[in-house]
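Q: Let me see the structure of the following:
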Amino acid sequence: MGKNNKMKVLIVSDSHGRNYYLEKVMERVKPIDLLIHLGDVEDGEQIIRDIAPCKVEMVAGNNDFFSSLPKEKVITINGYTIFLSHGHRYAVNYSTEKLKDAARSHNAGIAMFGHTHSPVIDMTGSVWAINPGSISQPRQEDGIPTYIIMDIDSKGQIHFTLNRVYKDNFRV
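A: Take a look at the predicted model:
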């Protein structure tokens with residue numbers, strides 16, 4: 001953790017075994033204090049741990065068939081309780097309400113999820129829903145892979161920024 005409990009967290013999901021952009025993004029946004037991966041790593045757990053310059057929190061997605069990763073997890077970062085889930089068990093393609101209910105049942109004020117491959121930053125209601133989209137296979141209209149940076153500032157305030165990976169920058 002940084003000075004004054006400031007933190008910078010990289011949030012990604014749905015890499016599906018394709019870690020090229022993830023590696024480039026980690027290089028671009030460093031230093032980071034924590035990497036959160038919200039599932040569908042597809043046998044990439046050890047690779048992700050090896051390339052991450054920090055602690056890693058991961059949960060299993062619907063395509064992580066033989067993974068030993070937990071299906072969901074509750075973590076606390078600087079006083080914020082966060083429910084991590086891939087989201088597929090909560091019908092997130094239709095609504096985040098079941099996911100938010102699950103987060104509430106764990107006394108979490110933030111629910112982070114993946115699965116839809118489309119980013120969401122919903123800071124309404126008693127539980128915020130955060131989805132970084134897909135770092136490798138985006139489904140939103142512009143078709144550009146996305147990730148979220150979560151910053152906790154020196155006053156303890158939390159900020160989420162959606163970022164796009166532009167292929168031109170990485171000379172694919």
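Q: Any stretches of this protein with poor pLDDT?
A: 1-4, 167-172 (pLDDT under 70).
Q: now the strands for it?
A: 7-12, 34-37, 55-58, 72-77, 80-85, 110-112, 119-122, 128-132, 146-152, 158-164 (DSSP state E).
Q: list the buried ones in stretch 45-59?
A: Across stretch 45-59, burial judged by 16 or more other Cβ atoms under 10 Å covers 45, 48, 52, 56-59. Backbone N, C-alpha and C define where each C-beta goes, glycine included.
Q: ok, back up a step: quick one: which of the strands of the chain is nearest Leu22?
A: strand 7-12 (6.0 Å; Cβ to Cβ).
Q: and the closest one, what other elements does it pack with?
A: helix 20-29, strand 34-37, strand 128-132, strand 146-152 (3 or more Cβ pairs under 8 Å, 6 or more residues apart in numbering; DSSP states H and E).
Q: Show the contacting residues for the residue nearest to Asp43 when sequence neighbours are not counted.
A: Leaving aside its sequence neighbours, Asp43 sits nearest to Gly17 (Cβ to Cβ, 6 or more residues apart in numbering; 6.0 Å). For Gly17, the contacting residues are 41-44, by Cβ atoms under 8 Å, 6 or more residues apart in numbering.
Q: and Gly17, how far is that from Gln46?
A: Distance of Gly17 to Gln46, computed by Cβ to Cβ, to the nearest Å: 12 Å.
Q: With Asn93 instead?
A: 29 Å.
Q: Equivalent analysis for Glu97, please.
A: 35 Å.
Q: how deep is Leu84 tucked in, by neighbour count?
A: Residue crowding around Leu84 was assessed by other Cβ atoms under 10 Å; the count is 27.
Q: Looking at the helices and strands packed on strand 7-12, which is nearest to Asp101?
A: Asp101 lies closest, by Cβ to Cβ, to one member of the helices and strands packed on strand 7-12: strand 128-132, at 11.3 Å.
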